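> model this:
(chains A and B)
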Number of protein chains: 2
Amino acid sequence: MPAAKTVAVRQSLLEKNDRLAERNRGFFQAKRLLVLNMLSSPGSGKTTLLQKTAEALKGHLRLGAIVGDLATDNDAARLRAAGMPVVQITTGTVCHLEAEMVARAMTRLDLDALDILAIENVGNLVCPAAYDLGEHLRVVLLSVTEGEDKPLKYPPVFHSANVVIVTKGDLAEACSFDRAKTLANLHRVSHHATLFELSARATPSLKPW
Amino acid sequence: MPAAKTVAVRQSLLEKNDRLAERNRGFFQAKRLLVLNMLSSPGSGKTTLLQKTAEALKGHLRLGAIVGDLATDNDAARLRAAGMPVVQITTGTVCHLEAEMVARAMTRLDLDALDILAIENVGNLVCPAAYDLGEHLRVVLLSVTEGEDKPLKYPPVFHSANVVIVTKGDLAEACSFDRAKTLANLHRVSHHATLFELSARATPSLKPW
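The predicted model follows:
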């Protein structure tokens, strides 16, 4: 297949996704829901962050989740155990969530009983960046163990982030994490993002950077 | 675009890739080169493993590399500093390497001066799994910090692995790594793989599991 045709197919798929994402956004607004799209590498701590957030918000704000994974419902089970209403999307070999998948999944949640809907995307720093889901905030996690160069190596996802959270602060010393270099690299790429650093395991704390 | 048409386009792209991959494999065989396709999440230690391997093999076997990244030539620079001939492929927004990219990149290496060619794929546990590059061995890295459930959550890449290396053993205790559970999960998915565990940072050592 010639390259030009491949690009045209991809454009048309992304344009269709963008229209459906706007429809989702309108629906979420009408429901007065804050919607977060959470992106990161595999194992950066998306599920743990959501678990701890649900516990911290208990009695104040009602948090629900849509969780995307190639296989298993491990993450959905962990979040349900934390008391959250959760819908699992199993993508098979698809490397990202799309607006249409979210639109279908949200019919299985009682959105009127929620204040915040977190969409935990497939663990992948590349493909999910291209797909708007209709979220209000795109939250990108980067764990200290992944190395300080990741914002430069994966610019689309870090550039499009509204929030970047550097996770696993409790491992920073053990892996010789270079905090200053990471911050400098984030400033070069994440122009629209508010930055935080976090240790959800040691003592749950979220510090603005 | 209807789902059936999307699937047909994807099939046709993968079939084209598979044919070019076989051509690469034939070429590599004729050149008597051992070719490795190295896959993992971002920051699991592919580059560090190659650096240390090049140092250990110095004077015995000649190692070269093709390195894929969305942006930057950081990894290529690190490998060149370790004395390896390296060609960088900058993929832009493309989330994986394809056989055609490798065929073009290898014209820029003196393959007759090499015994082993390592192809460091884009850091991504999903999409690169679908693209044969013509390699002899597919080597998948999983760092102890990513969590023991990853083989179950990303089955295509772990199922297709000839070798799985569990990296960053020096961080195992700090992140409460569950060794037995990881091994059990790998045995459920990585049916064709030889398993090793590694700490490239502490004392370079590779232990069969």
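
> ok, now which ones touch A:V86?
A:64-67, A:76, A:79-80 (CB atoms under 8 Å, 6 or more residues apart in numbering or on different chains). C-beta: built from backbone N, CA, C; applies to glycine.

> got the residues you listed as a markdown table, with secondary structure, pLDDT and distance to A:C175 columns?
Shown next, in a markdown table, are the contacts of A:V86 (DSSP: H, G, I helix; E, B strand; the rest coil; pLDDT from 0 to 100; distance: CB to CB, whole Å):
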| residue | secondary structure | pLDDT | distance to A:C175 |
| --- | --- | --- | --- |
| A:G64 | strand | 98 | 33 |
| A:A65 | strand | 98 | 29 |
| A:I66 | strand | 98 | 31 |
| A:V67 | strand | 98 | 27 |
| A:A76 | helix | 97 | 29 |
| A:L79 | helix | 97 | 27 |
| A:R80 | helix | 96 | 31 |
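
> Among those, the buried ones, what's the ChimeraX command?
Only the buried members of the contacts of A:V86 enter the following ChimeraX selection, criterion being 16 or more other CB atoms under 10 Å in any protein chain shown:
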select /A:64,65,66,67,76,79
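
> Report all helices and strands that the helix or strand of chain A with the lowest mean pLDDT contacts.
Ranking every helix and strand in chain A by mean pLDDT, DSSP states H and E puts strand A:205-208 at the bottom, with a mean of 76. Other elements packing on strand A:205-208 under the criterion 3 or more CB pairs under 8 Å, 6 or more residues apart in numbering or on different chains; DSSP states H and E are strand A:194-199.

> May I have the strands that pair with the strand it packs on, each with its orientation?
Looking at strand A:194-199 with DSSP bridges, its partner strands are strand A:163-167 (parallel), strand A:205-208 (antiparallel).

> contacts for it?
Counting by CB under 8 Å, 6+ apart, A:45, A:49, A:162-170, A:183, A:186, A:205-209 sit against strand A:194-199.

> picking up where we left off before, what comes up buried for the least confident helix or strand of chain A?
In strand A:205-208, counting by 16+ other CB under 10 Å, buried: A:L206.

> Can you get me the centre-to-centre distance for it and its chain?
For strand A:205-208, the distance from its own C-alpha centre to the chain's C-alpha centre is 18 Å (CA atoms, centre = their mean, to the nearest Å).

> Chain A against chain B: which residues are in contact?
Residues of chain A lying close to chain B by CB under 8 Å from any CB of the partner chain are A:1, A:6, A:9, A:12-13, A:16, A:41-43, A:69-72, A:74, A:93, A:95, A:122-127, A:130, A:143, A:145-147, A:149-150, A:152-156, A:168, A:170-171, A:174-175.

> Separate out the buried members of these.
For the residues of chain A next to chain B, a burial check counting by 16+ other CB under 10 Å picks out A:9, A:13, A:41-43, A:69-71, A:74, A:95, A:122-127, A:130, A:143, A:145-147, A:149-150, A:152-156, A:168, A:170-171, A:174-175.

> circling back to that earlier point, and the strands paired with strand A:194-199 as a markdown table, adding distance to A:L109?
Output for the strands paired with strand A:194-199, formatted as a markdown table (distance: least, CB to CB, whole Å):
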| stretch | distance to A:L109 |
| --- | --- |
| strand A:163-167 | 23 |
| strand A:205-208 | 26 |
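
> Where does the prediction get shaky in chain A?
A:1-6, A:203-205 (pLDDT under 70).

> Could you figure out how far the top helix by length along it is turned away from helix B:3-30?
Ranked by residue count under DSSP state H, the longest helix found in chain A is helix A:3-30. Counting by axes from the mean of the first three to the mean of the last three CA atoms, to 10 degrees, helix A:3-30 lies at 130 degrees to helix B:3-30.

> What helices and strands are in contact with helix A:3-30?
Using 3+ CB pairs under 8 Å, 6+ apart, helix A:3-30 is in contact with strand A:34-39, helix A:99-106, helix B:3-30.

> what angle sits between the longest one and strand B:34-39?
To tie it back to what came earlier, the one meant is helix B:3-30. Going by the same axes, to 10 degrees, helix B:3-30 makes 150 degrees with strand B:34-39.
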